[in-house]
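**Q** Prediction below, plus the sequence it came from.
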Amino acid sequence: MMRRTLLLLAAAATAFAQAPDCSLVPGWTQHGDARSFTADNLFEYMDGNAEGYLAYHFVGMQGVNCRSGEDTLVFDVSQMESAEWAYGMFTSNRDPRAPVEKIGTEAQIVPRRAILVKDKYFVEIGSSRELPDVLRRFMQAMDKRISGASEPPEALTWFPTEKLVPGSVRLVPESVLGMRALRRGYVGEYDFGKAFLVEETSPESAAEVMNKVRARLGATLPIAVADEGFVANDKYLGRLCFFRKGRMIGGFTGLVEGADAAAVAGRLAERVK
Amino acid sequence: MKSSRRNFLATGLAFPAAGLAFPRPMGTPLAPSTAPAAPGKLVYRTLGKTGLKLTSVGFGCMITSDASVIERAADAGINYFDTARGYQGGNNERMVGAALKSKRAQVHISTKTGAKDKAGALANLDTSLTELGTDYVDIWYLHGKGTAAAITDELLDAQQTAKKAGKIRFAGVSLHTGHAEVIPAAIQSGKIDVILISHNYTLKDTHDELIAQAAAAGLGVVAMKVMAGGAHSVQVKRPGAMGAALRWVLKNPNIGTTIPSTTDMDQFEDNFKCMPAKFTDEDEKLLAAHLERIGPIYCRMCGLCNGTCRKGLPVADLIRFATYADGYGQFGLGREQFRGLPDGVTIIRCGDCSACTVKCPHGVHVAERVSRAQELFG
């Protein structure tokens, strides 16, 4: 409770500096009152989508509507507990089929919607019609307005780039691969399977999680990767391999015929720090 | 050699040490692990006049962590899956579609649109169908309508157009608040087949009569937020409590099905087991203890106190503002919201009345909490 209270107080102190502002782009003015929400009442605004934010450790949101002639924008800035959670929120919401741009940490602009992540902030703008250039200008202005880190989480660099589907790496906030034991982590799509990385608090707790996963999967077979590893087949996850390197757990699921589980797991394990 | 769990384990014992060379050629299929058997008995209910026979526990996909959980649920016999256009920027519909692609004929899918006009709603629907990889959805909800006015003729018309085009089978409305206003409006419209409502033990019997009216009118009633997730900060977290909360909802026979948001396999299995289970005294005790703790302070936003203050105070809002300060350390936010109220409201003090006319059906100490807001921010 104390931690939450401190976070919220800190959020309140800094929130205004990152607030959305219609005047960031000439010709646009605020229409109606500004709005603000916390985790407690976000559902009043999102009304059906709030859990999608809360899952990424949402702290607060400020929003305005902007108008220019007949065109309108819905402009919201959410603060998450950390830059990593904000990045996770971005990866959850970006369209993996569309390109991202280097604005802030990353941004994605499609004809009627733009999202951006920078530091602890996740920015969203929806437009009443296709206005990609306007959306881009707003995002560039928000990039300047938001101070703080603009590098993606280090974990992204651990995924080998060869055969990695661009834009596919995302943060799963809980239950990676649908298993509660894998509390949270990153997944990325390769053309030969899906990679995952989960960070535990210690090598001992990671070893315990490996045991839980083995028990869940039933039949597993050991392989020589990092500190420990195994392969298995699962009806839903397909051919899979797990490894543990210190407190990190990683591996692949859905490996296609011919993919060498030990080799691909080994390449991933090598990059993990 | 025919694969079996037994001979596979025997093979494993022959190579006990991790770190040895891989004991069989890579790519040689291992025995697939057995798919978990259905973790309980399936129970079906009929969803109003739609005639849909749905498992009493469905599947809310919004925060599902992996498509494999949805696939497993469908294989276990769960036959109702709910998503929305807006979830995860559209990525959720794509995941649901991929997971259920080979099972479309065996399952019922609902999605939702948050669009405000007919053209936008129909465009949303076409996108939903593309992302879900299907020609139709079973239920298409107007998403999050908290007032009767939000269910416009234009949106109802969009649903009828979609029905005629065969893109949806049934028209629905979803709501988290405003039950007392929206449910009668949905009934009176004559065009809504299903309502998707937040319903959980924190609301006690507040909406039972409205739910009964909807059921009597032939509307299917689907319950969401069954674990009180909308008010996540007060969600009960004790072991066994999630099941108790779900069983509490299922004891109402007018609820056609439920869509607990299901993250992982463990939760799915817990939910599944609730289908045939009865709500027990133990469940009652567990939930009652939690309610005892939150009861006097937590506003359920049921709206039943609207208009009951003789001085015209927005009671639910004021209680919420006090909670910002007392519960979440957000004094500034509470004060900001309080100051946003009309001047005529901010100068009223509860102490001006000899007795309070507002009676909260959930036991919130209204006068005390509203006075607290006035003391803090006034």
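**A** Looks like it arrived, so ask away. Numbering: from 1, shown residues only, chains lettered A, B, ... in the order given.
**Q** Okay, helices next: where are they in the stretch 1-150 of chain A?
**A** A:2-15, A:42-46, A:50-54, A:83-93, A:132-145 (DSSP state H, counting those that start in this stretch).
**Q** For chain A, name the helix or strand with the lowest mean pLDDT.
**A** One helix or strand of chain A scores below all others by mean pLDDT, DSSP states H and E: helix A:2-15, with a mean of 52.
**Q** just for the chain, where's the confidence low?
**A** All of this refers to chain A. Where chain A drops to pLDDT under 70, the residues are A:1-17, A:47.
**Q** sorry, should have said chain B
**A** Ranges of chain B meeting pLDDT under 70: B:1-38, B:229-238, B:294-295, B:324, B:327-330, B:333.
**Q** what residues go with each domain of it?
**A** Following automatic domain parsing, chain B resolves into domains at B:1-34, B:44-291, B:315-377.
**Q** Most tightly packed of those domains?
**A** domain B:44-291 (a mean of 20; mean count of other CB atoms under 10 Å in any protein chain shown). (Glycine included, C-beta is placed from N, CA and C.)
**Q** How far does that one sit from its chain's centre?
**A** Centroid separation between domain B:44-291 and its chain, computed with CA atoms, centre = their mean, to the nearest Å, is 6 Å.
**Q** That one spans what distance, first to last residue?
**A** In domain B:44-291, first residue to last residue: 30 Å (CA to CA, to the nearest Å).
**Q** try stretch A:25-33
**A** Taking CA to CA, the span from the opening residue of stretch A:25-33 to its closing residue is 18 Å.
**Q** so A:M179 touches B:T263, yeah?
**A** No: here A:M179 lies out of contact with B:T263, judged by CB atoms under 8 Å, at a distance of 10.2 Å.
**Q** Can you get me a residue count around A:S147?
**A** The tally of other residues near A:S147 (other CB atoms under 10 Å in any protein chain shown) stands at 12.
**Q** can you check the one 10 residues further on too?
**A** As a burial measure, A:T157 scores 13 neighbours (other CB under 10 Å).
**Q** any chance you could map the helices in chain B?
**A** Along chain B, the segments classed as helices by DSSP state H run B:5-14, B:67-76, B:91-100, B:118-132, B:153-164, B:179-189, B:208-216, B:241-250, B:265-273, B:281-294, B:315-328, B:331-339, B:343-346, B:366-377.
**Q** mind putting those in a markdown table, distance to A:D21 included?
**A** Listed next are the helices of chain B as a markdown table, based on distance: least, CB to CB, whole Å:
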| stretch | distance to A:D21 |
| --- | --- |
| helix B:5-14 | 62 |
| helix B:67-76 | 39 |
| helix B:91-100 | 29 |
| helix B:118-132 | 26 |
| helix B:153-164 | 32 |
| helix B:179-189 | 35 |
| helix B:208-216 | 42 |
| helix B:241-250 | 42 |
| helix B:265-273 | 41 |
| helix B:281-294 | 38 |
| helix B:315-328 | 24 |
| helix B:331-339 | 17 |
| helix B:343-346 | 28 |
| helix B:366-377 | 26 |
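**Q** isn't B:R339 right next to B:G332, touching?
**A** No: counting by CB under 8 Å, B:R339 stays clear of B:G332, with 10.6 Å between them.
**Q** Get me the contact residues on the stretch 51-200 of chain B for chain A.
**A** Where the stretch 51-200 of chain B comes near chain A, counting by CB under 8 Å from any CB of the partner chain, the residues are B:62-66, B:68-69, B:71-72, B:84, B:86-91, B:112, B:114, B:143-144, B:146, B:174, B:176-177.
**Q** Mind doing that once more with 7 Å?
**A** B:62-63, B:65-66, B:68-69, B:71-72, B:84, B:86-91, B:112, B:143-144, B:146, B:174, B:176 (CB under 7 Å from any CB of the partner chain).
**Q** In strands, which of the residues you listed appear?
**A** B:112, B:174 (DSSP state E).
**Q** rewinding a little: can you say which of the helices of the stretch 1-150 of chain A is packed in most?
**A** Highest mean neighbour count of these: helix A:83-93, a mean of 25 (counted as mean count of other CB under 10 Å).
**Q** which other residues reach it?
**A** Counting by CB atoms under 7 Å, 6 or more residues apart in numbering or on different chains, helix A:83-93 makes contact with A:56-57, A:80, A:105-106, A:115, A:117, A:119-122, A:149, A:152-153, A:169-171, A:173, B:88-89, B:91, all of which sit outside it.
**Q** For the residues you listed, I'd like a selection string for PyMOL - just the buried members, please.
**A** Per 16 or more other CB atoms under 10 Å in any protein chain shown, the buried members of the contacts of helix A:83-93 correspond to this PyMOL selection:
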select buried, (chain A and resi 56+57+80+105+106+115+117+119+120+121+122+152+153+169+170+171+173) or (chain B and resi 88+89+91)
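**Q** and the contacts of helix A:83-93, which of them are in strands?
**A** Going by DSSP E, the strands hold A:80, A:106, A:115, A:117, A:121-122, A:170-171 from these.
**Q** out of the residues you listed, which one sits closest to B:P239?
**A** Among the ones in strands among the contacts of helix A:83-93, A:L171 lies closest to B:P239 (CB to CB), at 27.6 Å.
**Q** Spatially, what comes nearest to that closest one if we skip its sequence neighbours?
**A** Computed as CB to CB, 6 or more residues apart in numbering or on different chains, the closest residue to A:L171 that is not its neighbour in sequence is A:G88, at 3.2 Å.
**Q** Equivalent analysis for B:R349, please.
**A** B:Q374 is the one closest to B:R349 (CB to CB, 6+ apart), at 5.6 Å.
**Q** Then B:E368?
**A** B:P296 (7.8 Å).
**Q** Just give the number of residues close to that neighbour.
**A** 14.
**Q** now do the one 4 residues further on
**A** When neighbours are defined as other CB under 10 Å, B:R300 has 24 of them.
**Q** can you pull the contacts of it?
**A** Counted by CB under 7 Å, 6+ apart, B:R300 has contacts B:202-203, B:362.
**Q** Mind doing that once more with 8 Å?
**A** B:202-203, B:206, B:231, B:362 (CB atoms under 8 Å, 6 or more residues apart in numbering or on different chains).
**Q** who's the residue sitting nearest the centre point of chain B bridged to?
**A** With distances taken as CA atoms, centre = their mean, chain B has B:M224 as the residue nearest its mean C-alpha position (2.4 Å). Beta-bridge partners recorded for B:M224 (DSSP bridges): B:S198.
**Q** Next one: B:A84 from B:L129, what distance?
**A** 14 Å (CB to CB, to the nearest Å).
**Q** Give me the domain ranges for chain A.
**A** A:2-145, A:154-271.
**Q** Please identify which of those is closest to B:S354.
**A** When the domains of chain A are compared by CB to CB, domain A:2-145 sits nearest B:S354, at 32.1 Å.
**Q** How far away from the center of its chain is the closest one?
**A** Here the centre of domain A:2-145 is set off from its chain's centre by 14 Å, with CA atoms, centre = their mean.
**Q** wait, what's in contact with the residue located most distally from the centre of chain A?
**A** Centroid-distance maximum for chain A: A:G69 at 35.0 Å, with CA atoms, centre = their mean. A:G69 makes no contacts at all, as judged by CB under 8 Å, 6+ apart.
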